[in-house]
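>>> Below is the sequence, then the predicted model.
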Amino acid sequence: MPRTVMIVDDSMIMTQKLTVMLRDIGHQVVRVCKSGAEEVRDYPLVKPDIVTMDITMPGMDGIEAMTAIMAAHPHARVIMVTSHGQEPMVLKALEAGALGYVLKPVNKDRLTAMIERAMTQMAAA
C-alpha cells in the first residue's frame, strides 16, 4: 500500500537515493528536510505516514527531532536511518520511540520491510 514519507537527512546524496528508492517501492515523498529543526517545523504541515530520520545532523539531531515530534504527535511513525557504528544512538532512538532503523548504505528490501513493520506496529498499538 502506498505511504506518504518525509525524509530527514542533511546529505543531499542520501535524500536523493532515498527519494528514488521510496518512489520505486511505490511510496510518495511529501517532504525532504535537511535538519531536525526543519522536520519539527514541517511535520504538522504534511503529516506523513512515516518519517525516515538520520540521527547525526547539525543543530538538532534526529533523536531530539523525533522526541519533539513524538511529544506533539504521539502517533508519528519514525524509522531511523543511520551509519554503522552508531549502535548506542540507535538504542537511544528506539527507547525514545523510533519504530526501527535501517543502516546506511540503505538496502531497498530492508527499507521496504522496515516501513511495513513500522506501519503494522502502529496499527496493532
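Now that the structure is in, tell me what you want to look at.

>>> what ranges of the chain fall below the confidence cut-off?
Low-confidence segments of the chain, defined by pLDDT under 70: 85, 122-125.

>>> the strands in it, which residues?
When secondary structure is read from DSSP state E, the chain shows strands at 4-8, 28-33, 50-54, 78-82, 100-103.

>>> Mean neighbour count, those: which tops it?
Comparing the strands of the chain on average neighbours per residue, with mean count of other C-beta atoms under 10 Å, the densest one is strand 50-54 at a mean of 27. All C-beta spots, glycine's among them, are computed from the backbone N, C-alpha and C.

>>> how about the strands of the chain, which one is nearest Met70?
Closest approach to Met70 among the strands of the chain is made by strand 78-82 (7.4 Å; C-beta to C-beta).

>>> Pull up the pairing partners for the closest one, direction included.
The strands that strand 78-82 pairs with in its sheet are strand 50-54 (parallel), strand 100-103 (parallel) (by DSSP bridges).

>>> what would those strands look like in a markdown table with distance to Val32?
As requested, the strands paired with strand 78-82 are exported to a markdown table (distance: least, C-beta to C-beta, whole Å):
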| stretch | distance to Val32 |
| --- | --- |
| strand 50-54 | 10 |
| strand 100-103 | 17 |
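
>>> looking at those strands, which is closest to Glu87?
Taking C-beta to C-beta, strand 100-103 is the member of the strands paired with strand 78-82 nearest to Glu87, at 9.5 Å.

>>> The biggest helix by length in the chain: which residues count as buried?
If each helix of the chain is counted by residues according to DSSP state H, the longest one is helix 108-124. When neighbours are counted by 16 or more other C-beta atoms under 10 Å, the buried residues of helix 108-124 are found to be 111-112, 114-115, 118-119.

>>> Rebuild the residues you listed as a markdown table, extending it with distance to Gly100.
Formatted as a markdown table, the buried residues of helix 108-124 follow (distance: C-beta to C-beta, whole Å):
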| residue | distance to Gly100 |
| --- | --- |
| Leu111 | 10 |
| Thr112 | 12 |
| Met114 | 5 |
| Ile115 | 9 |
| Ala118 | 6 |
| Met119 | 11 |
